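Visitor: here's a sequence, model it:
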Amino acid sequence: KCDLGPQGLKSVLKVDKKQEKNETPLKEISSTHDGSGKCPPEEKVSGPVSQLEKYEWQLKILAEVLAASGSEERDQLLKNHQHGDICLLVQTITEMVKSETAAELGAVHENQMKSSVEQHQKEVEEMKNLHNEEKNTLEETHKEVESALKEQIEQLTTDLKLFTELKQRVKESMLKRDLHRNIETHGSPGEFWEQEQESLLIVIEMKSERLQEQGNKLRQMEALVEKNLALEDQVVQVLQQNEDLRVRIDNYQTLI
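Guide: Numbers count the residues shown, from 1 in each chain. This is a model prediction of the structure:
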């Protein structure tokens, strides 16, 4: 809360004292002033003496205002004695100072708010720019790593293909070598081919057994499917019977 402090009030008092010095010399203070701090009514007293008493009374009030412990107490004293010229002047100046100070504080607050908003927008813009830069850097790094991995995959695929071809060639070469060795040993490829034939027969027998097992499983599945179909038919019949019974019960209840 803004108010006129003691220094401002002292300045006003100095001005009032200068005005008193410029007035006509006064007589002794009238005995009607009892020193109670109350100004005699203007309609009962007049002249320089009454004016001096009035100013003395107002100066006493202003002294109490200066001695007040807080702004609220000073404001209350000024409001209670605002019919005095000096008190009214001080109160008017105080209100003007309050209004001007409030306006200045409002302007300062508005400038601070504007500065804070601008600073916030600036920081947000900087954060966006930094985020975009980091995003672009990460995208470029990702593309580079992805390209390098693709090259490695292509290289490994090529190596695997070459290895497979080489393996096939070695295998064919080993078969030819075994065949030539068998021919050289036995004079004919008969024994070699007999061994290969036996191996093929074993493989064929194993596959036949597997096919038989799969056939048995397939027949079991077909039997289960037929059984399920029969059960579904029975369920449909039971549901139909239940529906017929429900209709009969409804008809019987209607007749009752």
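Visitor: okay, helices next: where are they in the chain?
Guide: Taking DSSP state H as the test, the helices found in the chain are 6-21, 48-67, 71-80, 85-186, 190-255.
Visitor: next, the angle helix 85-186 makes with the last one.
Guide: Just to be clear, that refers to helix 190-255. On the basis of axes from the mean of the first three to the mean of the last three CA atoms, to 10 degrees, helix 190-255 is oriented at 130 degrees to helix 85-186.
Visitor: swap in the second one?
Guide: Orientation of helix 48-67 against helix 85-186 (the same axes, to 10 degrees) gives an angle of 20 degrees.
Visitor: what mean pLDDT does helix 48-67 get?
Guide: Across helix 48-67, the average pLDDT comes to 71.
Visitor: tell me what it is packed against?
Guide: Helices and strands touching helix 48-67, by 3 or more CB pairs under 8 Å, 6 or more residues apart in numbering; DSSP states H and E, are helix 6-21, helix 71-80, helix 85-186. C-beta here means a position set from N, CA and C on the backbone, and glycine is covered the same way.
Visitor: which of those has the lowest average pLDDT?
Guide: With a mean of 46, helix 6-21 has the lowest mean pLDDT of the helices and strands packed on helix 48-67.
Visitor: Glu205: neighbour count?
Guide: Neighbour count of Glu205, defined by other CB atoms under 10 Å: 10.
Visitor: check Leu59 too.
Guide: Counted with other CB under 10 Å, residues neighbouring Leu59 total 17.
Visitor: and Lys60, by the same measure?
Guide: 16.
Visitor: please report the distance of it from Glu53.
Guide: In this view, Lys60 and Glu53 are 11 Å apart by CB to CB, to the nearest Å.
Visitor: ok, Ile61 next?
Guide: Distance of Ile61 to Glu53, computed by CB to CB: 13 Å.
Visitor: swap in Ile202?
Guide: 142 Å.
Visitor: between the two, which one's more packed in?
Guide: More neighbours surround Glu53 than the other of Ile202 and Glu53, with 19 against 10 (other CB under 10 Å).
Visitor: if I look at Glu154, how far off is Thr141?
Guide: 21 Å.
Visitor: correction: the previous question concerned Val238.
Guide: As judged by CB to CB, Val238 and Thr141 stand 69 Å apart.
Visitor: try Leu105
Guide: From Leu105 over to Thr141 (counting by CB to CB), the distance is 53 Å.
Visitor: and if you look at Glu56?
Guide: Using CB to CB, Glu56 is found at 89 Å from Thr141.
Visitor: more neighbours, those two?
Guide: Shown here are Glu56 and Thr141; by other CB under 10 Å, Glu56 has more neighbours (16 against 10).
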